[in-house]
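Engineer: build me a model:
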Amino acid sequence: MNKTTVAVVGNPNCGKTTLFNGLTGSTQHIGNWPGVTVEKKTGKLLGADSIEVVDLPGIYSLNAVSEDELVARNFMLSGKTNLVVNIADASNLERNLFLTLTLLEMRIPIILVLNMMDIASRRGIRINTSKLSKALGIPVISISALNSDDIKDIRRTIRETLGNETIPNFIVTYPESVEKVIQKWSGKLGDNPRFSSVLLFEEDEETTERILSEGLLSKDEIKTGMKEIEEIRGDTPDIVIAETKYELITSITDSCTKKRKSNKAFSDKIDQLVLNKWLGVPTFLAVIFLLFWVVTRIGGAFIDFFDILFGSIFVDGFGVLLDKMGIPQWLSVLLANGVGGGIQTVATFIPIIFTMFFMLSLLEDSGYMARASYVMDRFMRMIGLPGKAFVPMLVGFGCTVPAIMATRTLENKKDRYLTVFMTPFMSCGARLPVYALFGAAFFGRYSGIMVVSLYLFGILMAVTTGFLLKNTLFKGEATHFAMELPPYHPPQIRTIMIRTWNRLKVFITKAGQVIIIAVLILSFFNSLGTDGSFGNEDGENSVLAEISRTITPVFTPMGIEKENWPATVGLITGIFAKEAIVGTINSLYGQIAAGESGNTGTADMENNEAFSLSESLEDAFKSIPRALSGIFGGNAAVGQTNPKDNTFTAMQNSFGNDWVRAYAYLLFVLIYIPCVAAMGAMIREIGPKFGALAVVYLTVLAWSVATLFYQIARGHSILLMGLSIGLVLMFIPVFNLLSGRKSFTVMR
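Structural biologist: Numbering: from 1, shown residues only. Below is the predicted model of the structure:
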């Protein structure tokens, strides 16, 4: 069976991915802001496995300037498309039809899909789709991409159109001077010379290079043709082409649409507040604070439930079962404390991760995310940074990997590299459980403020890094940021829940694999003594303790004493995945606490009799109302309503009951190198040399900032303060020196 390809094409933020999900049954990430899709996605049309559907990044024309636009442009010009589904925003029809006319000039079958008809109707816009279809000579369908019946109509139309692939006969008639040049070139440009001529007029680099390399036209012929048009029209050919298309679009829309006068749009009224010159930033900070208040208070209220429930089943209950089966102690340690403890750890941060993804999805779907980017653009341009860099940084609140990939939306290569250096400072979802754990152990009712302070400090460090690099390694003028602000609309709960579930599922799957393996290995080496014996979880004689105590002095200047070796292990495992830090800390401090209390974590007969699954489940469910009752009273910090007292006590003792040491440790976690997956994405986007430079920069900066904070707060060593400041300032001449080297030169 021959495979046919259908491309979903449209402007940014017009509903392409929502339509793609409906056509294929996929659940790709969608957002009410541009730049969400940065690579093409593929899927099979529901009910027709032979039809492949491709979701392309948003474009306004085929003149690509950014990496994501190049993906769409190159695919469209590859000749692999049998049918184009051109989705357009019905509330902004004039702007969207510019791309439609370009696609019509390609002479491939097209279906025009008008999305967001509900928004157009609220704005007093009525579109006669029959007239529009007749004017363009292609099928036109009006839909809401969230309506399943509308999606079924499109699937049916796709199958019908593919069965009768009619080439549109619509032609854009240009001024006589342009038509003469097209006619002159038409005999030399092969198939579809009209479209190739238009691309030449628009100074499309790849088309020009191809035509010159194939010898179809010479440089002089192209230059002469362009000059003829400019002399007659008084404008460059690309402007003449654009003006002609927009005049035609105005004529078409005037005949097919009716508009009634409407009051100021609801979005405009809200924007008077959130985009206000003086109130925009405070509003943004208030939204961020509310976001993390909800995450730490409401999401955190369910941590104890998951902790007790999964701990009872997979650690205590599993340990009792293994003991009754007569399993050897070393294997029981691996299975109960390792695998079971890993599952318990993953489960404990399900509520806060779910809440965070839910809140981020809510902000995306409502339209506020785009406003946040606009507000920060104004601030970032004041210090010479590209405003568009803040879009990937916002994505970084969820995960650093897609944030780094989102830098492809930046047209300027230097800005793209600079933004890749900035994104790791954004606290990804994997860091949040670490903050939550330390918040419960050290900060109590102030844990929410502590979490917000780390997120804001991350933004500050990102901006500072950007400013440093913009004036050294990536020198250049600040680029302008043009961004479409989508209208506000009520969030679709179904869409938000699907998006939240998909993000959570991926996160838990990834975290589960890493954490369970990490906890399994750590539990084994923490139980294994240097003499080959097991049961050394008190940390004095275990292999893991011995190795870690050797490394820990490096972190002593930031408050990590030699006896606090589990904190060092957490930083090492965090290189593989930041979520592994929580697993490491929970496991090691928990085992130390168990060792100090004389319980190694493997049940003996007495414990067998004491363990009751029903009582544990009852305790788990009782923890929910107890936690929720303290949300507004200020007494229920993250996971604090029924804390794992022994584990927290071990943590507090190891950090000297000092919140300053704990905060210095969190500063290091915030700043030091991201996980291996993020580093892989970084190297992929900016190359191994810049990737290695970023690793060195982040590591040195993390140690310096954490050390400086601790030394200032506790007033210990002037020498270490000076060393920390000196290491940070050292990067200024280093970056300046590297900027002069050819191997570190980034072309625009």
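Engineer: can you list the low-confidence ranges for the stretch 101-250 of the chain?
Structural biologist: Within the stretch 101-250 of the chain, the ranges that satisfy pLDDT under 70 run 145-146, 165.
Engineer: and the strands in it?
Structural biologist: In the stretch 101-250 of the chain, strands defined by DSSP state E, counting those that start in this stretch lie at 110-115, 125-127, 140-142, listed in chain order.
Engineer: the ones you listed into a markdown table, with extra columns for mean neighbour count and distance to Glu94?
Structural biologist: To be clear about C-beta, it is placed using only N, CA and C from the backbone, and glycine gets the same treatment. Shown next, in a markdown table, are the strands of the stretch 101-250 of the chain (neighbours: other Cβ atoms under 10 Å; distance: least, Cβ to Cβ, whole Å):
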| stretch | mean neighbour count | distance to Glu94 |
| --- | --- | --- |
| strand 110-115 | 24 | 13 |
| strand 125-127 | 18 | 11 |
| strand 140-142 | 19 | 15 |
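Engineer: these: which one's closest to Leu723?
Structural biologist: Proximity to Leu723, assessed across these by Cβ to Cβ, is greatest for strand 110-115 (57.9 Å).
Engineer: so which elements touch that closest one?
Structural biologist: With contacts taken as 3 or more Cβ pairs under 8 Å, 6 or more residues apart in numbering; DSSP states H and E, strand 110-115 sits against helix 16-24, strand 83-89, helix 93-105, helix 129-136, strand 140-142, helix 148-163.
Engineer: please state the offset of it from the chain centre?
Structural biologist: On the basis of Cα atoms, centre = their mean, to the nearest Å, the separation between the geometric centre of strand 110-115 and that of its chain is 29 Å.
Engineer: and stretch 369-387, by the same measure?
Structural biologist: Relative to its chain's centre, stretch 369-387 lies at 18 Å (Cα atoms, centre = their mean).
Engineer: and it, what's buried?
Structural biologist: 369-377, 380, 385-387 (16 or more other Cβ atoms under 10 Å).
Engineer: between these, which is nearest Leu200?
Structural biologist: Each of the buried residues of stretch 369-387 was checked against Leu200 using Cβ to Cβ; the closest is Pro386, at 30.4 Å.
Engineer: for the protein, which helix is longest?
Structural biologist: Within the chain, and with DSSP state H defining each element, the longest helix by residue count is helix 676-714.
Engineer: tell me what that helix is packed against?
Structural biologist: Packing partners of helix 676-714 (3+ Cβ pairs under 8 Å, 6+ apart): helix 400-405, helix 413-422, helix 447-470, helix 659-671, helix 718-729, helix 731-739.
Engineer: got those as JSON lines, with mean neighbour count and distance to Ala677 columns?
Structural biologist: Written out in JSON lines, the entries for those read as follows (neighbours: other Cβ under 10 Å; distance: least, Cβ to Cβ, whole Å):
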{"stretch": "helix 400-405", "mean neighbour count": "24", "distance to Ala677": "5"}
{"stretch": "helix 413-422", "mean neighbour count": "24", "distance to Ala677": "14"}
{"stretch": "helix 447-470", "mean neighbour count": "20", "distance to Ala677": "19"}
{"stretch": "helix 659-671", "mean neighbour count": "23", "distance to Ala677": "17"}
{"stretch": "helix 718-729", "mean neighbour count": "15", "distance to Ala677": "27"}
{"stretch": "helix 731-739", "mean neighbour count": "15", "distance to Ala677": "25"}
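Engineer: now those helices in TSV, with distance to Ala7 and mean pLDDT?
Structural biologist: Compiled in TSV, those are given as follows (distance: least, Cβ to Cβ, whole Å; pLDDT from 0 to 100):
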stretch	distance to Ala7	mean pLDDT
helix 400-405	21	78
helix 413-422	25	88
helix 447-470	36	91
helix 659-671	41	96
helix 718-729	48	93
helix 731-739	41	90
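Engineer: wait, which of those helices is closest to Leu504?
Structural biologist: Leu504 sits nearest to helix 400-405 of all these, at 15.0 Å, using Cβ to Cβ.
Engineer: what does that closest one contact?
Structural biologist: Applying Cβ atoms under 8 Å, 6 or more residues apart in numbering, the external contacts of helix 400-405 come out as 29, 38-39, 392-393, 395-396, 420, 423-424, 426, 428, 674-675, 677-678, 681-682, 685.
Engineer: mind listing the helices for the stretch 401-550 of the chain?
Structural biologist: Assigned by DSSP state H, counting those that start in this stretch, the helices in the stretch 401-550 of the chain fall at 413-422, 432-438, 447-470, 493-527, 543-551.
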